[in-house]
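# using only what follows, build the 3D model:
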Amino acid sequence: MRVLLVEDDDGVADALVEALRANGHRPARVRRGADALIAHRDADVVLLDLGLPDQDGLEVLRKLRKIDPVPVLVLTARGDERTVVRGLRLGADDYLVKPVRLAELLARIDAVARRSAARSREPDDVVRVSDVEIDLQSRQVVVGGREISLTTKEFDVLAVLARRPGTAVSRQQLMDEVWGNAFVAVSRTLDVHLTQLRAKLDRPGLLHTIRGFGYRLGE
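Numbers count the residues shown, from 1 in each chain. Have a look, this model is predicted:
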C-alpha cells in the first residue's frame, strides 16, 4: 500500500518509514501540510501528524477532506478529548496518540484501507428527500427536476445534514465539520448560509430548526 507520512520530526519519520517498508508498504514522507495537499494524490492512505511547521494538521485535514476521500489516520501527541473529537468530525478515519505500538498502527492502517475499499464499491451517494435530490459526489442539487446553484459553503452545510437525513445535527457539529471550529463569528455565518439555503431550496419544512440544539433535513 502507498502510505503518505506527514511528519516533521525526522527521528519519528525515519522509524515509521523503515517499519512501513519492512511490512510491505511503500511509504513516502513530507514535512509540511502544504506538501501533503499535493502528495495525497499518489497515496492509498495518509498518516497525518497535527503539529506541522507551516499549518495546523486539523486545517490540513479539513482541506484534504474537501478534495480527496483518501483514508486519513491521525498520528499525533495531542490526546485531549476536544482535539480527538474535532479530528474525527473533520473526517479522520482513525486517531492514534503517540507513542503508538507498531503492531497496532499496522492493524489500524489495514482496517481503514478495508473500510475505504468497501465504501468505494458502494454506488454514488444520492440523497432524496421529497422532490429534492442531493448528489454528494458530484455536489449537485436538483429540486423538482431543476438543478439549483449553491455556493461551496451552502452545499457543505446541506451535505452534513444530507448524510444524516431525518437525524438531528447540532449547530456545534455543523460548524466543526464545515468550518473546523465553533466560534461566535462562525455561528453567525452559519445562520446566513442556512437562510440563503432555505431560500434557494424553496421547500418550506425541508430544513427543520430544533430549538436549542440544531437542525434536521426531512422528517
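
# element containing Val3, please.
Taking DSSP states H and E as the definition, one finds Val3 inside strand 2-6.

# contacts made by that strand with the rest, please.
With contact meaning C-beta atoms under 8 Å, 6 or more residues apart in numbering, strand 2-6 is reached by 13, 16-17, 20, 25-31, 33, 35-36, 39-40, 42-49, 52, 57, 60, 109. All C-beta atoms are positioned from the backbone trio N, CA, C, and that covers glycine.

# hmm, who's touching the next helix or strand after it?
Per DSSP H and E, the first helix or strand lying C-terminal to strand 2-6 is helix 10-22. Counting contacts by C-beta under 8 Å, 6+ apart, the residues outside helix 10-22 that touch it are Val3, Leu5, Glu7, Pro27, Arg29, Arg31, Leu47, Asp49, Lys98, Leu102, Leu105, Leu106.

# dump those residues to a markdown table, plus neighbour count.
Compiled in a markdown table, these are given as follows (neighbours: other C-beta atoms under 10 Å):
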| residue | neighbour count |
| --- | --- |
| Val3 | 22 |
| Leu5 | 24 |
| Glu7 | 24 |
| Pro27 | 19 |
| Arg29 | 19 |
| Arg31 | 18 |
| Leu47 | 26 |
| Asp49 | 24 |
| Lys98 | 13 |
| Leu102 | 14 |
| Leu105 | 20 |
| Leu106 | 15 |
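
# now intersect these with the helices, please.
Secondary structure assignment (DSSP state H) places Leu102, Leu105, Leu106 from the contacts of helix 10-22 within helices.

# which one among these gets closest to Leu161?
Distance from Leu161 was checked for each of these by C-beta to C-beta. The minimum falls on Leu105, at 34.3 Å.

# could I get the phi/psi values of the spatially closest residue to that closest one that is not a sequence neighbour?
Once its chain neighbours are removed from consideration, Leu105 has its nearest residue in Leu96; the separation is 6.5 Å (C-beta to C-beta, 6 or more residues apart in numbering). Here is the backbone geometry of Leu96 (degrees, to the nearest 10): phi -120, psi 140.

# I'd like the distance between Leu96 and Val30.
Going from Leu96 to Val30 by C-beta to C-beta, to the nearest Å gives 19 Å.
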